[in-house]
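sequence and predicted structure below; questions after.
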Amino acid sequence: MELAEFNTADREAAIAVLRPCVDVTRWCEGIVDQRPFASIDALVSSAAEVASPFRSDEVEAALAHHPRIGERADGDSREASMSRSEQAGVDPADVAVQQALREGNHAYEERFGRVFLIRAAGRSAAEILTTLRTRLTHTGDEEERVVAGQLREIALLRLKGVITA
Ligand code: 2AL
């Protein structure tokens, strides 16, 4: 959707455009209620502010929408197609990488009780695996801050995909 259309859309329609970026109602409403935006930059900086920080309950709820790294999202929803393109650096045919990700995801879930989340766009599988192993050494508090930051990065990147100049 173009920014001009977003600026004048019904409140509910505008919220629905934002929701696939991150399913946090406070974030969607907080942005929509600051319309109109003079530019994409103004929109993104306002979106970053509302996302700083995401609360831990918001992070937990939003995580349910993100498939594991290495698992291709099914279906033709906007959310699923964005996830697939974000994970383009992870080759589903690379058996060694898939195995390492399965083990890493499992270890992460055992340690922190939630899905490992990383902004995958622009990252290779090797980089994601290295980061996963480093993050396994974090304390719960450290990791909570990292996850909230990654969720914000994903949301802002998606926002730039769904609303254009
Ligand atoms: C994802 C995903 O689907 N897209 C992305 O950037 N990260 N999933 C994940 N578990 O980190």
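Structure's in. What do you need?

from here on, contacts and neighbour counts on C-alpha atoms
Fine.

up against the ligand, what does the chain have?
Contacts of the chain with the ligand, taken as Cα under 6 Å from any ligand atom, map to 66-69, 83, 86-87, 116-121, 154.

what about 8 Å?
Taking Cα under 8 Å from any ligand atom as the criterion, the chain approaches the ligand at residues 63, 66-69, 72-73, 80, 82-87, 115-121, 154.

residues contacting Arg111?
For Arg111, the contact set (Cα atoms under 8 Å, 6 or more residues apart in numbering) comprises Leu136.

phi and psi next, for it.
Torsion angles at Arg111 (phi, psi; degrees, to the nearest 10) stand at phi -80, psi -40.

what do you get for Glu2?
phi -80, psi 150.

spatially, what comes nearest to it if we skip its sequence neighbours?
Nearest non-adjacent residue to Glu2, counting by Cα to Cα, 6 or more residues apart in numbering: Thr164, 4.9 Å away.

now do the contacts for the one you found.
Contacts of Thr164 (Cα under 8 Å, 6+ apart): Met1, Glu2, Leu3, Ile40.

and for Ala121?
Residues in contact with Ala121, defined by Cα under 8 Å, 6+ apart, are Ser85, Glu86, Gln87, Ala88, Gly89.
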